[in-house]
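Novice: Pasted the sequence and its predicted model underneath.
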Amino acid sequence: MSVLSSGNNLGAQARNGRPAPRCVDTAHEVVSEEAFARLLCLERRRAERSQKPFLLMLLDLSQLLLEAGANSPVLLKKIPHSVLSSTRETDIGGWYEEGFVFGTVLTEIPAGKLSGAVSAMSTKINTALLEILSVSQIKKLRISFHLFPEESGTQTPGLMPADLKLYPDLRERDTMTKAARVVKRSIDVAASVVLLGLLLPLMAMIAAAIKLTSCGPVLFRQKRLGQYGRAFTLLKFRSMYVDSDSVIHQNFVKKFIAGTVSQHPAQENEDSVYKLTQDPRVTRVGKFLRKTSLDELPQLFNVLRGQMSLVGPRPPIPYEIASYEAWHRRRLLEAKPGMTGLWQVSGRSRTKFDDMVRLDLRYARAWSLSLDFRILLQTPRAVFSREGAY
């Protein structure tokens, strides 16, 4: 779990006696909510480069302030400085939510010592707060610790669900573009309905061809990860023989992400964004479907359900995430996955993995409705030219 200690009540650690008061270090700077979000974002980038994890500690004052009434302004001044007096000079403290939740970034936590760091920090914070608060007041505080990079899930190997507490900047971006995103969703729904209606005869012909040439279901269902690591079932026309072994693709993906194989596009059904050439598991009909991208038409149902968009990053298979570097995971956070995207119209399967991730991130940060329309208009050319397609 990425939340190492969620909702701990500091009152459980409070002592019956009050320690002798000591001076609170007021040299620490308490930064604003906007500045703290910016610094947290910078710390994520630093951790991605250095591969050194950090902890985000959040202290929720809401319940305490609600009952403090007129004394709230005094507490809002004392508590942050008391917390910062217990941290290192390299740590960052500021308002995660102005006047309600105080955040501290505990930098460069040694690997293998995360649990110890959580326990030690909880004790330090409790001791410092006992100098200015009563035991009953401390019981009204809630503390949680959030690890970056997020740890791999235990139930789904390779799955690293996003801890959104670590990404307040994404929340702000979503708020800024809320109206445009409503329009984007409306376009997705309208377009998927119209396209499904128009393409129904073609999809029926494809289904018949699959059924007549190989045993098994017409549709292939596969678990994929959407925005924020949420799992969903992606639909495709089956292009491979039933019960094909996925180990071939898993081994290829590891090498492809690491940049140790030549850039060839991947088998389908196991498709991520990289495709194996001359895959013996692909049927004759499947080869044609993959070259023309017709196997992806059922994903219009995923778009209609809101699991995908017409334009966005390609949704990865859970086992791919295990090979991601920390910065690669941002492609899962910054945009909803799509049927087509910037990397597809910029070279399709010939694009190197790191470059593909950069294109996904560029799309998310420069996103606009006009950019979506440009990508959609370029997609047919990329498909029919078959450039980089296998």
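Specialist: On my side now, so go ahead.
Novice: Excluding residues flanking it in the chain, which one is nearest residue 31?
Specialist: residue 94 (3.5 Å; C-beta to C-beta, 6 or more residues apart in numbering). C-beta coordinates here come from the backbone N, C-alpha and C atoms, glycine included.
Novice: Could you pull up the contacting residues of that neighbour?
Specialist: 30, 31, 32, 33, 35, 36, 39, 102, 103 (C-beta atoms under 8 Å, 6 or more residues apart in numbering).
Novice: need the strands for this structure, in chain order.
Specialist: Counting by DSSP state E, the chain has strands at residues 3-9, 54-60, 92-97, 101-106, 142-148, 219-225, 231-237, 309-311, 338-340.
Novice: Residue 146 and residue 165 touch, don't they?
Specialist: Yes: between residue 146 and residue 165 a contact is recorded at 4.9 Å, counting by C-beta atoms under 8 Å.
Novice: Would you mind giving the domain segments of the protein?
Specialist: 3-149, 174-385 (automatic domain parsing).
Novice: model confidence over the longest one, on average?
Specialist: Which is domain 174-385. Domain 174-385 shows a mean pLDDT of 85.
Novice: gap between it and the chain center?
Specialist: Distance, stretch centre to chain centre, for domain 174-385: 17 Å (C-alpha atoms, centre = their mean, to the nearest Å).
Novice: thinking again about what came up before, between the contacts of residue 94, which is closest to residue 128?
Specialist: Nearest to residue 128, judged by C-beta to C-beta, of the contacts of residue 94 is residue 102 at 12.5 Å.
Novice: Just the pLDDT at the closest one, thanks.
Specialist: Per the predicted model, pLDDT is 96 at residue 102.
Novice: and if you look at the one 5 residues further on?
Specialist: If you check residue 107, the pLDDT there is 90.
Novice: Over to the one 5 residues further on?
Specialist: At residue 112, the predicted lDDT confidence score is 73.
Novice: Leaving aside the residues adjacent along the chain, what's closest to residue 76?
Specialist: residue 99 (6.1 Å).
Novice: Among the contacts of residue 94, name the buried ones.
Specialist: 30, 31, 33, 36, 39, 102, 103 (16 or more other C-beta atoms under 10 Å).
Novice: Residue 177 versus the third one, what's the distance?
Specialist: Residue 33 sits 19 Å away from residue 177, going by C-beta to C-beta, to the nearest Å.
Novice: My guess is residue 306 contacts residue 186. True?
Specialist: No: applying C-beta under 8 Å, one finds residue 306 not in contact with residue 186, separated by 11.5 Å.
Novice: More neighbours: which of the two?
Specialist: Comparing residue 306 with residue 186 by other C-beta atoms under 10 Å, the one with more neighbours is residue 306, at 13 against 10.
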